[in-house]
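Q: Everything below, folded, please.
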Amino acid sequence: MATTSTSLDDHLQLADVQRRLKAIFIGSIGNLVEWYDFYVYAAFALYFASSFFPGQDPVVQQLNAAVLFAIGFIVRPVGGWLFGHLADHYGRRNALMLSVLLMCFGSLMIAVTPTYASIGIAAPVLLGLARVIQGLSLGGEYGTSATYLTEVADAKHRGFYSSFQYVTLIGGQLCAIFVLLLLQQVFLSPEQLKAWGWRTPFVIGALLAIIALIMRRNLHETADFVAAAKVVRRESSLKALRNYPREVMLVVGLTMGGTTAFYTYTTYMQKFLKLSVGLNDTETTLVTAGSLLFALVLQPTYGALSDRIGRKTLLIWFGVTGTLFTIPLLNALQATQSAIVAFLLIAAAWLIVAGYTSINAVVKAELFPTKVRATGVGLPYALTVSIFGGTAESIALWFKSIGHETWFYYYLTGVIAASLLVYLLMRDTKHHTAMGRHE
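A: Reported below is the predicted structural model:
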């Protein structure tokens, strides 16, 4: 009888693990598609910027494209609030489905928008509108997916499981770079890419978003949300969030340095390698892809480490090393002419930045109770990313355009140092968590 009972318990435990892994896989794949769609813009900006912004100066054209990239971030707080409200009141699954549907529409819109030569000023206006739509979608995706992945994970492996948000986030960027590499090296000439080929990845993104939507229809709702939904409440998400001012400020403080560093070594780095280091198109793409692949592998490694030593230790690692080594790393990167050396320097930077990226989602989710978790994670995060992350590329290119590129290195260092103060003062959310609280 005891053997039968043990066998049944093992079977139920295995079924539970399989259910969790399936939910994490589907949730993560949808996240990958969303970030692919969003970052295809950054990956292909070198080719389509001249189609929407006339002129002869490539730096100015890239700056204009970067400004529209930043606009996608400006509206992310609205998406964070809207989808956070939907996720906290109507379920994580429904919000995840709607966000990927909206991203599909934005990508398809960019794919079919005529150029400046065809419709004049309406071209960059439509491009900007598409970026607004994508920004709303992504603003909702982060908080909702971070909440979902954290809630479906078991307590002992929460850091490891939630790290897959950034695995798929970086994976989406890597897929965008991979598509760029295929088009560059196999299918199209530089002239064809610049003329019309840049539209191809946006079409692919829209199709992938439809597939992700179909997959997300089969997601099960999290046990935390189901339990919290049994508590009758009419309070709006924003009003409820006002009861957690300390947690909101913690999200802002711990995010500002990490998001600025993340977007420096992802979206801006491709332009930096091309315009500042002087690598050719193929070298730029290969170094970018290689460094992103290295960063992807680091995420679950650091996430699992946080389950053993805590979240705070990794955040302090990022803050201290980022403050000390950002300026030397970027100076060395600018001075090199070797693609291999450039890759090694960016890989070294990722050993630092992964201390933030791998665990930032779980840290934020562990700060808030169930009823306000998606809004609490998504809204202040999106606001901070809009101010610091989304503007990193524009600020860096502006400093370069006025002849003071290295000023950006000091700016990045200062923002990381500010976050370090928060890391030093905050409690470790692994040991002081709001997970399981439904009030």
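Q: Report the buried residues of stretch 204-222.
A: Buried residues in stretch 204-222, counting neighbours by 16 or more other CB atoms under 10 Å, are found at 204, 205, 206, 208, 209, 212, 213, 215, 216, 219, 221, 222. Every C-beta, even on glycine, is put in place using the N, C-alpha and C of the backbone.
Q: actually stretch 139-157, not the one I wrote
A: Neighbour-count burial for stretch 139-157, with 16+ other CB under 10 Å as criterion, is recorded at 139-153.
Q: which of these lies closest to residue 260?
A: Proximity of the buried residues of stretch 139-157 to residue 260 (CB to CB) peaks at residue 142, which lies at 15.9 Å.
Q: Look up phi and psi at that closest one.
A: Per-residue torsions, residue 142: phi -60, psi -60 (degrees, to the nearest 10).
Q: And for residue 403?
A: Here is the backbone geometry of residue 403 (degrees, to the nearest 10): phi 90, psi 20.
Q: show me what contacts the residue nearest to residue 47 when sequence neighbours are not counted?
A: Distances taken as CB to CB, 6 or more residues apart in numbering place residue 198 nearest to residue 47, at 4.4 Å, with adjacent residues excluded. Residue 198 makes contact with 44, 47, 48, 51, according to CB atoms under 8 Å, 6 or more residues apart in numbering.
Q: so what pLDDT did residue 198 get?
A: Note on residue 198: pLDDT of 83.
Q: so how far is residue 188 from it?
A: Going from residue 198 to residue 188 by CB to CB, to the nearest Å gives 9 Å.
Q: What residues of stretch 288-298 count as buried?
A: For stretch 288-298, by 16+ other CB under 10 Å, it's 288, 289, 290, 291, 292, 294, 295, 296, 298.
Q: Take these and lay them out in TSV including pLDDT and secondary structure.
A: Output for these, formatted as TSV (pLDDT from 0 to 100; DSSP: H, G, I helix; E, B strand; the rest coil):
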residue	pLDDT	secondary structure
288	86	helix
289	85	helix
290	90	helix
291	91	helix
292	88	helix
294	94	helix
295	92	helix
296	90	helix
298	94	helix
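Q: Could you export stretch 204-220 as PDB, CA atoms only?
A: Extracted in PDB, the C-alpha atoms of stretch 204-220 (Å, rounded to 0.1, in the frame of the first residue of the first chain):
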ATOM      1  CA  ILE A 204       8.200  37.100 -40.500                       C
ATOM      2  CA  GLY A 205       7.600  38.700 -37.100                       C
ATOM      3  CA  ALA A 206       3.900  39.200 -37.800                       C
ATOM      4  CA  LEU A 207       3.500  35.500 -38.800                       C
ATOM      5  CA  LEU A 208       5.400  34.300 -35.700                       C
ATOM      6  CA  ALA A 209       3.100  36.400 -33.500                       C
ATOM      7  CA  ILE A 210       0.100  34.700 -34.800                       C
ATOM      8  CA  ILE A 211       1.700  31.300 -34.000                       C
ATOM      9  CA  ALA A 212       2.500  32.500 -30.500                       C
ATOM     10  CA  LEU A 213      -1.100  33.700 -30.100                       C
ATOM     11  CA  ILE A 214      -2.400  30.200 -30.900                       C
ATOM     12  CA  MET A 215       0.000  28.700 -28.500                       C
ATOM     13  CA  ARG A 216      -1.000  31.000 -25.700                       C
ATOM     14  CA  ARG A 217      -4.600  30.000 -26.000                       C
ATOM     15  CA  ASN A 218      -3.600  26.800 -24.300                       C
ATOM     16  CA  LEU A 219      -1.900  28.400 -21.300                       C
ATOM     17  CA  HIS A 220      -3.400  27.500 -17.900                       C
END
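Q: That stretch: how far from the chain's middle?
A: In terms of CA atoms, centre = their mean, to the nearest Å, the centre of stretch 204-220 is found 18 Å from the chain centre.
Q: Quick check: the residue positioned nearest the centre of the chain vs residue 188, distance?
A: Centroid-nearest residue in the chain: residue 169, 5.0 Å away (criterion: CA atoms, centre = their mean). Taking CB to CB as the measure, residue 169 falls 27 Å from residue 188.
Q: Which helix or strand contains residue 323?
A: Assigned by DSSP states H and E, residue 323 belongs to helix 311-335.
Q: Output the contacting helices and strands for that helix.
A: Where contact means 3 or more CB pairs under 8 Å, 6 or more residues apart in numbering; DSSP states H and E, helix 311-335 is packed against helix 245-263, helix 281-309, helix 339-357, helix 360-365, helix 407-425.
Q: Tell me which of those sits most buried.
A: Most buried of the helices and strands packed on helix 311-335 by mean neighbour count (mean count of other CB atoms under 10 Å) is helix 360-365; its value is a mean of 28.
Q: CA atoms of the very next helix or strand once past that one as PDB?
A: Per DSSP H and E, helix 360-365 leads on to helix 373-384 as the next helix or strand towards the C-terminus. Output in PDB follows, covering the C-alpha atoms of helix 373-384 (Å, rounded to 0.1, in the frame of the first residue of the first chain):
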ATOM      1  CA  ARG A 373       1.800  42.000  -8.900                       C
ATOM      2  CA  ALA A 374       1.400  42.400 -12.700                       C
ATOM      3  CA  THR A 375       0.800  46.200 -12.400                       C
ATOM      4  CA  GLY A 376       3.400  46.600  -9.700                       C
ATOM      5  CA  VAL A 377       6.100  44.900 -11.800                       C
ATOM      6  CA  GLY A 378       5.000  46.300 -15.200                       C
ATOM      7  CA  LEU A 379       4.200  50.000 -14.600                       C
ATOM      8  CA  PRO A 380       7.200  51.300 -12.600                       C
ATOM      9  CA  TYR A 381       9.500  49.100 -14.700                       C
ATOM     10  CA  ALA A 382       8.100  50.400 -18.000                       C
ATOM     11  CA  LEU A 383       8.400  54.000 -16.700                       C
ATOM     12  CA  THR A 384      12.000  53.500 -15.800                       C
END
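Q: low-confidence ranges in the stretch 301-439 of the chain?
A: When residues are selected by pLDDT under 70, those of the stretch 301-439 of the chain lie in 431-439.
Q: tell me the helices in the stretch 101-250 of the chain, going along the chain?
A: Per DSSP state H, counting those that start in this stretch, the stretch 101-250 of the chain carries helices over the ranges 116-119, 122-152, 158-162, 164-182, 190-195, 200-216, 223-229, 237-241, 245-263.
Q: Centre of the chain to the fourth one, how far?
A: Between the centre of helix 164-182 and the centre of its chain there are 11 Å (CA atoms, centre = their mean).
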